[in-house]
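> Provided below for reference: sequence and predicted model.
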Amino acid sequence: MDSFHFIENENIHEITVGINTKTDIRYTVGRQYTCGTESKITVTAIEFDQNALVIYGISRALIFGEKNNGEEILWKVIENIPMSITCKV
């Protein structure tokens with residue numbers, strides 16, 4: 001296994017899931033998304049699971065969000081799907 005340049009999770013700003021610009025999904029830190037008919041979630045952090053990559057060879061991103069009531073949750077897990085990660089400059 002060659003050397004890796006790991007991403008510092010606190011620098012991840014956006015993740016784009018998919019390979020087709022017409023159908024891909026973009027999640028951005030600080031943006032609010034609608035879940036269902038009533039609730040909304042604000043993305044608070046996106047983390048790339050480097051342990052899953054090194055140990056199991058799985059490409060996995062974790063998206064954390066804050067619900068309307070202020071509760072912080074793990075909102076989505078993106079796994080083994082083509083993704084593009086954008087970091088803060």
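It's in. Predicted model, so just to flag it, every value in this text is computed and none were measured. Numbering: from 1, shown residues only.
> Is residue 33 in contact with residue 44, as I believe?
No: the criterion here is CB atoms under 8 Å, and residue 33 misses it with residue 44 at 11.7 Å. For glycine as for every other residue, the C-beta is placed from the backbone atoms N, C-alpha and C.
> Now for these two: what residues contact both?
Overlap of the contact sets of residue 33 and residue 44 (by CB atoms under 8 Å, 6 or more residues apart in numbering) consists of residue 65.
> Show the low-confidence segments of this protein, by residue range.
Judged by pLDDT under 70, the chain has its weakly predicted residues at 1-7.
> all strands of it, in order?
Applying DSSP state E to the chain gives strands spanning 12-17, 25-28, 32-35, 39-48, 60-67, 72-79, 83-87.
> would JSON lines of the ones you listed with distance to residue 54 and mean neighbour count be doable?
Below are these laid out as JSON lines (distance: least, CB to CB, whole Å; neighbours: other CB atoms under 10 Å):
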{"stretch": "strand 12-17", "distance to residue 54": "18", "mean neighbour count": "18"}
{"stretch": "strand 25-28", "distance to residue 54": "23", "mean neighbour count": "15"}
{"stretch": "strand 32-35", "distance to residue 54": "30", "mean neighbour count": "12"}
{"stretch": "strand 39-48", "distance to residue 54": "11", "mean neighbour count": "17"}
{"stretch": "strand 60-67", "distance to residue 54": "11", "mean neighbour count": "19"}
{"stretch": "strand 72-79", "distance to residue 54": "15", "mean neighbour count": "14"}
{"stretch": "strand 83-87", "distance to residue 54": "17", "mean neighbour count": "15"}
